[in-house]
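*Asks:* here you go, sequence then predicted model.
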Amino acid sequence: MPTAHARDLDPFTLEIIKDKLAALADQMGAVLARTSMSPIVYEVLDFACGVTDADGQVVAQTNGLTLFTGTFRPQVLAVKEKYGDDLRPGDVFVTNDPYRGGTHICDVCLTVPVFADDQLTAFAVSITHWIEIGGAMPGSIPPDATEIYQEGLLLPCVRVGDARGMQAEIVDLIAANVRLPKVALGDLRAGTAAVRIGERGVAGLAERYGRDALAAAFDSLFDHGEAQARQALSAIPDGVYTASDVIDGDGVSDAPVPVEVRVTIHEDTLEVDFTGTSRASGGPVNCTLGALESACKTVFRALTDPRGRSNEGCFRPFAIVCPPGTVFTAEAPSPTGWYYEATAFATELVWKALAPVVPERLGAGSYVSLSVSYVVGRGDGGEVFVLAEPNDGGWGADADDDGASGLIATVDGDTYNFPVEVIESRYPLRVERYSFDTAAEGGAGRRRGGLGIVREYRVLNERGVVGYGSMGGWRRRPWGLGGGQEGSNNYLEYVRDGATERHGRISRIELERGALVRMVTGRGGGYGDPRDREPERVLEDVRDGYVTAAEARAVYGVVVDEHGRRVDEAATARVRGGR
């Protein structure tokens with residue numbers, strides 16, 4: 001129920017404050033993107049910004065990386081736990097500790113406490129992926145790491161600035177431990193600028209409308225988010241729904257990592273229970289509890305209100321259970337560099353359990369992995385470069401529509417991959433192909449799974465270039481739904497001296513001038529019997545090059561003439577009649 005403050009506040013003023021908070025979060029994001037020195041921030045949008053209340057509950061956020069926003073609260077609470085009453089106006093705290101609410105070491109969280117009438121009122125937060133933060137490999141995410149110390153510089157809730165400015169000792173420490181200090185410190189300043197914008201904006205709202213009115217607006221946002229979520233959940237049949245899957249190796253071993261979930265919907269609540277999932281892996285595909293909660297909240301929002309703005313109230317009907325020390329709840333010093341493999345599969349597990357219940361909302365399996373590839377090294381002038389790129393892929397079909405083609409993975413929210421022009425202007429690489437993968441088999445159904453992509457880089461540097469990457473789903477295929485076919489696999493290929501090597505996860509491969517790096521992502525799973533697909537849709541797929549005429553006949557039972565101009569209805573009836 002709404003609090004007394006929320007009920008007493010003028011409704012017009014309440015709406016104005018809500019809209020101002022949303023606009024403030026967007027402004028923070030715009031400042032961060034425009035002032036960052038790293039393409040993974042200003043092109044890929046691998047960041048998130050927002051405002052919480054004094055208890056760390058998210059009030060407003062940008063729509064950036066989905067996985068970051070669920071970690072706002074645990075990271076704010078980690079700062080409060082460490083510093084207690086020693087929080088002062090002007091303070092800036094930095095942390096990238098995965099075991100205290102974070103994700104992996106590359107994701108750096110900056111937090112500023114906001115005071116009104118000398119009382120702690122809110123926090124402004126920014127989280128940014130730093131492209132380089134030290135460790136065993138340029139880019140800081142070695143796929144074969146066995147402990148977190150190999151992944152870079154750990155910053156465990158450190159006061160990096162105060163009212164007088166940045167702490168020079170901390171700034172020097174960071175600069176001395178990274179390979180790209182100019183870029184890292186640029187992103188530190190960009191994140192700080194964003195949280196300062198948030199600090200001033202919230203303080204200005206409190207000054208204009210009063211601290212009590214601001215608190216009432218927070219409460220109203222939470223209550224409204226909760227009411228919407230409960231209403232959506234009440235429309236889903238009560239029950240216990242389960243799913244199991246495997247993560248394709250952990251980077252150290254190729255042995256599959258079994259994972260499972262039990263989802264319980266009761267009236268207007270939802271609980272996910274990962275009891276029975278494998279223990280933490282020796283390699284870096286683990287995630288921690290904060291990242292797991294974020295991943296599951298992504299599916300929760302897909303079920304309840306995917307287009308609405310999120311706040312902490314939206315998740316009041318949601319609960320999560322997972323024993324400590326699993327691949328989803330890793331503890332120190334387990335490596336977490338490729339945490340998005342675990343979180344992607346956690347998301348997919350919950351999705352898989354619930355898709356048969358709400359097939360109009362959740363489709364079949366997707367290519368699931370962010371399928372991140374790295375090309376790193378030194379340019380011919382000796383300068384270090386790091387290209388890290390998440391790759392788009394095919395999503396699963398649902399009861400009404402074909403799956404999306406070439407779309408970023410579920411957990412990555414609004415992020416993008418790099419424009420070709422940026423790659424070719426900043427790195428010793430030429431992009432020779434960027435297209436849908438029409439050659440892959442799978443994903444057929446009454447509604448077809450979306451297509452993955454093929455992206456190829458030609459190395460132009462004479463020497464000193466290394467490739468590595470981690471493509472989940474290189475053995476396991478996206479699952480079909482309602483009789484639809486499984487999708488296809490993700491993989492990396494390196495072409496050197498005329499020989500092609502295929503990998504799922506690879507820790508290091510030397511690339512000389514002329515070598516080719518090929519990234520291929522999978523098709524999503526199909527929905528329904530392929531022979532129930534309308535012949536005119538199959539014809540359209542053939543014309544678009546998504547399906548061959550031979551596949552149309554063999555899989556869909558639709559006979560298309562050799563020129564792809566029309567459907568042979570009589571022959572189609574004969575083929576489909578014999579199924």
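*Replies:* Done, it's in.

*Asks:* so where's this structure shaky on pLDDT?
*Replies:* Where the chain drops to pLDDT under 70, the residues are 1-8, 63-65, 578-579.

*Asks:* which residue is nearest the middle of it?
*Replies:* residue 412 (2.4 Å; C-alpha atoms, centre = their mean).

*Asks:* give the contact list for that residue.
*Replies:* 65-67, 340, 370, 390 (C-beta atoms under 8 Å, 6 or more residues apart in numbering). (Glycine included, C-beta is placed from N, CA and C.)

*Asks:* which members of these are the farthest-apart pair?
*Replies:* 66 and 390 (12.6 Å; C-beta to C-beta).

*Asks:* between these two, which has more neighbouring residues?
*Replies:* residue 66 (25 against 22; other C-beta atoms under 10 Å).

*Asks:* how near is the nearest residue to the more buried one once chain neighbours are set aside to residue 55?
*Replies:* For residue 66, ignoring the flanking residues on the chain, the nearest one in space by C-beta to C-beta, 6 or more residues apart in numbering is residue 413 at 3.6 Å. Distance, residue 413 to residue 55, using C-beta to C-beta, to the nearest Å: 24 Å.

*Asks:* count of neighbours near the closest residue to residue 472 other than its chain neighbours?
*Replies:* Spatial nearest neighbour of residue 472, chain neighbours left out: residue 369 (3.2 Å); criterion: C-beta to C-beta, 6+ apart. Applying other C-beta under 10 Å, we find 31 residues neighbouring residue 369.

*Asks:* and residue 369, what does it touch?
*Replies:* 340-341, 344, 393, 409, 470-473, 490.

*Asks:* same thing but at 10 Å, please
*Replies:* Residue 369 makes contact with 247-248, 285, 338, 340-341, 344-345, 348, 390-391, 393, 409, 411, 470-474, 476, 489-490, 504, 521-522, according to C-beta atoms under 10 Å, 6 or more residues apart in numbering.

*Asks:* mutual contacts of residue 66 and residue 390, please.
*Replies:* Common contacts of residue 66 and residue 390, defined by C-beta under 10 Å, 6+ apart, comprise 408-409, 412, 415.

*Asks:* most neighbours among those, which one is it?
*Replies:* residue 409 (27 neighbours).

*Asks:* for that residue, which residues are in contact?
*Replies:* Residue 409 neighbours (C-beta under 10 Å, 6+ apart): 66, 340, 343-344, 347-348, 366-372, 390-393, 395, 415, 472, 521.

*Asks:* looking at the residues you listed, which are in strands?
*Replies:* Counting by DSSP state E, the part of the contacts of residue 409 found in strands is residue 372.

*Asks:* so how far is the host helix or strand of residue 110 from its chain's centroid?
*Replies:* Using DSSP states H and E, residue 110 maps to strand 107-116. Centre-to-centre, strand 107-116 and its host chain are 22 Å apart (C-alpha atoms, centre = their mean, to the nearest Å).

*Asks:* same thing with stretch 277-287?
*Replies:* Chain-centre distance of stretch 277-287: 18 Å, with C-alpha atoms, centre = their mean.

*Asks:* and the end-to-end length of that stretch?
*Replies:* 13 Å (C-alpha to C-alpha, to the nearest Å).

*Asks:* ditto for stretch 318-330
*Replies:* Per C-alpha to C-alpha, the first residue of stretch 318-330 is 21 Å away from its last.

*Asks:* buried residues in that stretch?
*Replies:* 318, 320, 322, 326-330 (16 or more other C-beta atoms under 10 Å).

*Asks:* what is the burial count for the residue lying closest to residue 35 once chain neighbours are set aside?
*Replies:* Once flanking residues are discounted, residue 35 sits nearest to residue 190: 4.1 Å by C-beta to C-beta, 6+ apart. Neighbour count for residue 190, taken as other C-beta under 10 Å: 23.
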